[in-house]
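Visitor: Build the 3D model from these lines:
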Amino acid sequence: MFQSLRFTTRLNLRPVRWNSTASPTSPPLMAKIRSDLKVAMRAKDKDRLNVLRALISETNNAAKTSSPIQTDLQLLSLIRKRAAASKEASQQFADANRADLQENEDKQVAILEEYAGQVETISLDEVHQIISQEIAKLQEGPNKPNVGSLLKSLFAPGGALDGKPAERAEVARIAKKMVAAA
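Guide: Reported below is the predicted structural model:
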């Protein structure tokens, strides 16, 4: 007649874990930022606390996109972008005679620059030298070197800057100047 489901046995069913064990790696600087956040909380340093919370928030938001922040260089570009925005805001506050708001933005810029200085990158002299060598290689060919082909050859697997701590935006800026001069 009617058989209760409560007493039926489940055969060959095991609990399954649906979460993966591979977690996205966070940059080493992010660990320092998280520990400094705790120190800022204890010290009640409001300015540093706001900056660090904003950085962590943007990093967490980027983790949900197709290009999460996984290296110190990616974090450095985020920090520099926030610093540039704060400098722009500081300038606007100065133009509007709002010294109190300008002072807050200047403090944020100082904190961001402090963290940006902790990321090791290739010196500008080395970047200039590598780019000039690569331009010389490209000039040997029949085509005149352009910025796109230069950057592609620099950052390609096995290229001169492949795997080295060089910020792409900075390299691109230098490459544009040197290709225009060549």
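Visitor: For the rest of this, base every contact and every neighbour count on C-alpha atoms.
Guide: Noted.
Visitor: got any ranges where this structure has weak pLDDT?
Guide: For the chain, applying pLDDT under 70 flags the ranges 1-25.
Visitor: Run through the strands of it in chain order.
Guide: Counting by DSSP state E, no segments of the chain form strands.
Visitor: Could you chop it up by domain?
Guide: Using the TED database, the domains assigned to the chain come out as 28-118, 124-181.
Visitor: As JSON lines, those domains with mean neighbour count would be great.
Guide: JSON lines is the format used below for the domains of the chain (neighbours: other CA atoms under 10 Å):
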{"stretch": "domain 28-118", "mean neighbour count": "16"}
{"stretch": "domain 124-181", "mean neighbour count": "14"}
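Visitor: any chance you could read off phi and psi for the nearest residue to Leu138 once chain neighbours are set aside?
Guide: Once flanking residues are discounted, Leu138 sits nearest to Pro145: 5.7 Å by CA to CA, 6 or more residues apart in numbering. Per-residue torsions, Pro145: phi -70, psi 140 (degrees, to the nearest 10).
Visitor: Check the contact between Pro145 and Lys137; I expect there is one.
Guide: No. Between Pro145 and Lys137 there is no contact under CA atoms under 8 Å: 9.2 Å.
Visitor: Helices of this protein, start to end?
Guide: For the chain, the helices defined by DSSP state H occupy 28-43, 46-63, 72-95, 99-116, 124-140, 147-155, 168-181.
Visitor: and the second one with helix 99-116, angle?
Guide: Taking axes from the mean of the first three to the mean of the last three CA atoms, to 10 degrees, helix 46-63 and helix 99-116 form an angle of 60 degrees between their directions.
Visitor: so how far is helix 46-63 off the chain centroid?
Guide: What separates the centre of helix 46-63 from the centre of its chain is 13 Å, taken as CA atoms, centre = their mean, to the nearest Å.
Visitor: repeat for the fifth one
Guide: Taking CA atoms, centre = their mean, the mean C-alpha location of helix 124-140 is offset from the chain mean by 25 Å.
Visitor: So which residues make contact with it?
Guide: Helix 124-140 is contacted from outside by 144-145, 150, 153-154, 160, 171, 174-175, 178-179, using CA atoms under 8 Å, 6 or more residues apart in numbering.
Visitor: check contacts around the residue nearest to Leu138.
Guide: Applying CA under 8 Å, 6+ apart, the residues contacting Pro145 are 135, 138-139, 179.
Visitor: ditto for Ala116
Guide: Here Ala116 is in contact with 76, 79-80 (criterion: CA under 8 Å, 6+ apart).
Visitor: next one: Gly159
Guide: Neighbouring residues of Gly159 by CA under 8 Å, 6+ apart: Ser153.
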